[in-house]
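**Student:** need coordinates for the following:
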Amino acid sequence: MSLQDRIINHFTDSIQTQQDAMAYLCELIEYASQRLVTTLLNDKKILACGNGRSAACVQLLSSAMLNQFERDRPSLPVIALTTDNAAITAIANSYNFDDIFAKQLRALGQSGDMLVVYTTGSNSANISRVISTAHDKDISVIALTGNNGGVIAPLLRETDIEIQVSSNSNARIQEIHVLITHCLCDLIDHQLFG
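**Tutor:** You can find the predicted model right below:
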């Protein structure tokens, strides 16, 4: 297979995954955006976390909400639990890597806030732990997952939302997570600011 054939395969796979996701995720994405808007209208905040490349999605969401997505508007409170390297390494060193998000959420999260987690493999112990912490603090969860939901899906409650990308390719899952994040940002802006 030539290098150009490999490129064409990536584009083709990505397009197919996007079309599949569009067919079965629109309603869930709409509902998730409505829940996020309700959180913000209730003067609560959104906290978000993910590992590795999923952390980039967290920062995309946070920067688009704190600054702007595609229009000038007031800043919206979204905290990325992935960006404080001193806190993350201190928690991992003093306690356990599995606590890096949960310990931050215990300190920063309040009842009525919303936790957004991104995970492609859906088996990360630190994501499982932060979801349990969210439930202890009466914080609902929106989980963007892949690979059949892994160990995350059974942890979610009826008040939570799982937006599961039906793919086994981490690259395709992350592409859709970015697209979903863009959709959420646009829908939040539209609902809050017209």
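**Student:** can I get stretch 172-180 as CSV, trimmed to CA atoms?
**Tutor:** What follows is stretch 172-180, C-alpha atoms only, in CSV (Å, rounded to 0.1, in the frame of the first residue of the first chain):
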residue,chain,number,x,y,z
ARG,A,172,-11.2,7.9,15.2
ILE,A,173,-12.7,8.2,18.7
GLN,A,174,-10.6,11.3,19.4
GLU,A,175,-11.6,12.9,16.1
ILE,A,176,-15.2,12.5,17.0
HIS,A,177,-14.6,13.7,20.6
VAL,A,178,-13.2,16.9,19.1
LEU,A,179,-16.2,17.3,16.8
ILE,A,180,-18.6,16.6,19.7
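**Student:** contacting residues around A153?
**Tutor:** Contact partners of A153, counting by Cβ atoms under 8 Å, 6 or more residues apart in numbering, are S122, A143, T145, E162, Q164. Bear in mind the C-beta positions are built from the backbone N, C-alpha and C, glycine included.
**Student:** just to be sure, the third one is in a helix?
**Tutor:** No: looking at T145 with DSSP: H, G, I helix; E, B strand; the rest coil, it is strand, so not inside a helix.
**Student:** in contact with it, which residues?
**Tutor:** Residues in contact with T145 (Cβ under 8 Å, 6+ apart) are T119, T120, S122, I152, A153, E162, I163, Q164, V165.
**Student:** quick one on the thing from earlier: most widely separated two among the contacts of A153?
**Tutor:** The span of these, defined through Cβ to Cβ, is set by S122 and E162 at 9.4 Å.
**Student:** overlap in contacts of the two?
**Tutor:** Listed as contacting both S122 and E162 by Cβ under 8 Å, 6+ apart are T145, G149, I152, A153.
**Student:** just the contacts of T145: which are in strands?
**Tutor:** Using DSSP state E, the subset of those located in strands is E162, I163, Q164, V165.
**Student:** now, which of those residues sits nearest H10?
**Tutor:** Sorting these by how near they are to H10, with Cβ to Cβ, puts V165 at the top with 16.2 Å.
**Student:** is it true that that closest one touches L144?
**Tutor:** Yes: assessed by Cβ atoms under 8 Å, V165 is found in contact with L144 at 7.5 Å.
**Student:** so what sits against both of those two?
**Tutor:** Counting by Cβ under 8 Å, 6+ apart, the contacts common to V165 and L144 are H177.
**Student:** out of these two, which sits in the more crowded spot?
**Tutor:** Taking other Cβ atoms under 10 Å, V165 and L144 do not tie; L144 has more neighbours (33 against 26).
**Student:** I figured that one hits V116, correct?
**Tutor:** Yes: at 7.2 Å, L144 counts as touching V116 under the criterion of Cβ under 8 Å.
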